[in-house]
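Trainee: predicted model and sequence below, questions to follow.
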Amino acid sequence: MFTNQTRRAALSLAICLLFAGSVLQAQVVQTVGTNGAVDWSQQKIRATGIAAPNPNLPFGAQRPAALEAAKLVALRNLLQTVNGMAITSESTVKNMVLENDEIRTRVEGYVRGFTVVDTRYMSDTSVEVDVEVPLAGLAELLLPPGKVVPVGGTPVVPGTVGYPSTPAAAPASGAATGLIIDAKGLSVTPAMAPKVLDEDGNEVYGSKYVDREWAVKQGMVGYAKDVPSARTNQRVAPNPLVVKAIKAVGNNKADVVISNQDAQMLKQRAESESFLTKCQVMVVVD
């Protein structure tokens with residue numbers, strides 16, 4: 001017979017599992033290959049490695065050796081995951097490292113600095129290892145050199161008058177604190193440096209319009225599964241603008257198109273508000 005204490009414990013466990021499931025469902029996690037994924041919500045790149053003990057080794061050395069072998073497999077899978085990521089709607093990390101040996105060396109060195117986040121010793125004696133690296137470090141290596149171009153304006157170079165080297169003051173009452181682009185149903189692919197275009201193909205938001213420091217720190221955009229969860233994200237809360245995307249474009253379908261009317265509104269708001277420069281943008285995806 002279950003006691004009241006047992007019932008309460010079971011109920012608490014059920015509530016925790018339900019909450020954990022709903023949080024996981026709300027996260028935007030992009031599977032890349034078969035053993036890796038990019039968690040765009042947590043800004044992490046993860047991969048798993050699996051290895052079995054070598055029976056030719058002394059028994060006491062088999063499990064430690066299997067652990068090291070699993071780490072090597074995880075490293076390989078992590079690098080494959082990174083290479084499969086979209087940087088823009090037209091390029092992937094793999095494209096960039098194939099074209100530039102220096103970048104390839106730096107990316108490989110960065111990935112080798114992974115952190116082991118979980119180790120599982122399985123009943124069949126194999127070992128599974130989960131590893132991860134922060135997305136921010138990869139962005140530091142791959143995003144274009146920093147500069148800020150106010151929408152509709154001329155470039156503002158870091159270190160010169162007009163560059164936002166210090167935090168901006170709190171937004172005035174009624175000012176937008178961010179932008180949410182609802183691209184649900186358009187099969188948008190998350191990317192490191194996506195663009196927002198108007199109906200004529202003109203760039204409304206992209207890497208040349210942002211403070212690179214913010215882009216590296218938190219990504220060019222954040223991704224969410226629905227508008228309500230995007231509204232509560234600290235990147236854009238408490239007073240975000242919400243616009244509807246018309247379509248996704250580019251080979252990787254990472255760029256989104258908004259109406260000319262919404263594009264004009266954003267240009268006007270950007271003249272006096274800093275939410276675009278500071279990458280306070282969320283995109284709602286499938």
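Mentor: Cool, got the structure.
Trainee: what segments of this protein are strands?
Mentor: 29-32, 36-39, 44-51, 115-121, 127-134, 178-182, 196-197, 203-205, 222-224, 240-249, 255-258, 281-284 (DSSP state E).
Trainee: which helices and strands does the fourth one pack with?
Mentor: When you say that, I think you mean strand 115-121. helix 59-83, strand 127-134 (3 or more C-beta pairs under 8 Å, 6 or more residues apart in numbering; DSSP states H and E). Every C-beta, even on glycine, is put in place using the N, C-alpha and C of the backbone.
Trainee: what pairs with it, parallel or antiparallel?
Mentor: strand 127-134 (antiparallel) (DSSP bridges).
Trainee: average pLDDT across the strand it pairs with?
Mentor: In this model, strand 127-134 carries a mean pLDDT of 97.
Trainee: got the CA positions of it in PDB?
Mentor: What follows is strand 127-134, C-alpha atoms only, in PDB (Å, rounded to 0.1, in the frame of the first residue of the first chain):
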ATOM      1  CA  VAL A 127      31.200   3.400 -22.900                       C
ATOM      2  CA  GLU A 128      29.200   6.400 -24.200                       C
ATOM      3  CA  VAL A 129      30.500  10.000 -23.900                       C
ATOM      4  CA  ASP A 130      28.600  13.200 -24.500                       C
ATOM      5  CA  VAL A 131      30.700  16.300 -25.300                       C
ATOM      6  CA  GLU A 132      30.000  19.900 -26.100                       C
ATOM      7  CA  VAL A 133      31.500  23.200 -27.100                       C
ATOM      8  CA  PRO A 134      29.900  26.700 -26.800                       C
END
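Trainee: Thr48 is in contact with Glu128, isn't it?
Mentor: Yes: counting by C-beta atoms under 8 Å, Thr48 does reach Glu128; the two are 6.2 Å apart.
Trainee: which residue, other than its chain neighbours, is closest to Asn83?
Mentor: Lys94 (4.0 Å; C-beta to C-beta, 6 or more residues apart in numbering).
Trainee: no wait, Asp39
Mentor: Val29 (5.0 Å).
Trainee: ok, Met122 next?
Mentor: Per C-beta to C-beta, 6+ apart, closest to Met122 is Glu128, 6.4 Å.
Trainee: does Arg76 really touch Gly49, like I thought?
Mentor: Yes: using C-beta under 8 Å, Arg76 makes contact with Gly49 at a distance of 7.4 Å.
Trainee: hmm, back to that, most tightly packed of the helices and strands packed on strand 115-121?
Mentor: strand 127-134 (a mean of 20; mean count of other C-beta atoms under 10 Å).
Trainee: list of residues touching that one?
Mentor: With C-beta atoms under 8 Å, 6 or more residues apart in numbering as the test, strand 127-134 has contacts from 43-53, 63, 66-67, 69-71, 73-75, 78, 82, 110-111, 113-122.
Trainee: and the residue nearest the centre of the chain, how far is that from Met220?
Mentor: Of all residues in the chain, the one closest to the mean position by C-alpha atoms, centre = their mean is Trp40, 3.0 Å from it. Distance of Trp40 to Met220, computed by C-beta to C-beta, to the nearest Å: 11 Å.
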